[in-house]
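Colleague: show me how the following folds:
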Amino acid sequence: MKNAIASLLFAAPFVVACGASYPPPNQPMADAKAADRSAAELGANQDPAAQLPLKLADEEIQQADAAMKSGDNRRAQFLLVRAKADAELAVALAREKTAKAAAKKTAAEAADQAKKLQGAGQ
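Modeller: Predicted structure coming up:
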């Protein structure tokens, strides 16, 4: 019984030390990269408003990768949360530009149709 207690007391600091380490943020890295890819595919590089958030996301992903390699997984986690948010902002800004262009085109087509209908009614 004394041996069991002694070995438990001996092993406890090692178990706590292993449990206190921060796990590598592999899923947040994948999420941030996916959001970054989506922004790039939606044309955020060509939209001046979306370029800065996209660039920030790219830089934060690179910094997080470096932090993970140096073992600072907690810092990497925080960087990846920011990177994902910045990439999602770039996605939203790129979509906004596309939606505004579509709305403008639709309004012009509606105005043309209204003119045709007025011309036909006279």
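Colleague: for this protein, give me the ranges with low pLDDT.
Modeller: Applying pLDDT under 70 to the chain picks out residues 1-2, 4-20, 121-122.
Colleague: if we go to 80?
Modeller: Within the chain, the set of residues satisfying pLDDT under 80 comprises 1-20, 119-122.
Colleague: which residues in this structure form helices?
Modeller: For the chain, the helices defined by DSSP state H occupy 2-20, 26-41, 48-69, 73-121.
Colleague: residues contacting the residue nearest in space to the middle of the chain?
Modeller: The chain has residue 84 as the residue nearest its centroid, 1.9 Å off, counting by CA atoms, centre = their mean. Neighbouring residues of residue 84 by CB atoms under 8 Å, 6 or more residues apart in numbering: 28, 31, 32, 35, 57. Placement of C-beta: from N, CA and C, glycine included.
Colleague: give me the distance between it and residue 29.
Modeller: In this view, residue 84 and residue 29 are 10 Å apart by CB to CB, to the nearest Å.
Colleague: of the contacts of residue 84 - the most surrounded one?
Modeller: residue 57 (28 neighbours; other CB atoms under 10 Å).
Colleague: dump the residue contacts of that one.
Modeller: 32, 35, 36, 39, 83, 84, 86, 87, 90.
Colleague: show me what contacts the closest residue to residue 60 other than its chain neighbours?
Modeller: For residue 60, ignoring the flanking residues on the chain, the nearest one in space by CB to CB, 6 or more residues apart in numbering is residue 83 at 3.6 Å. Residues counted as contacts of residue 83 (CB under 8 Å, 6+ apart) are 32, 35, 36, 56, 57, 58, 60, 61, 64.
Colleague: just the closest of those to residue 95, please.
Modeller: Distance to residue 95, by CB to CB, is smallest for residue 35 among the contacts of residue 83, at 12.7 Å.
Colleague: so that closest one sits against residue 91, correct?
Modeller: Yes: the pair residue 35 and residue 91 qualifies as a contact (CB atoms under 8 Å) at a distance of 6.6 Å.
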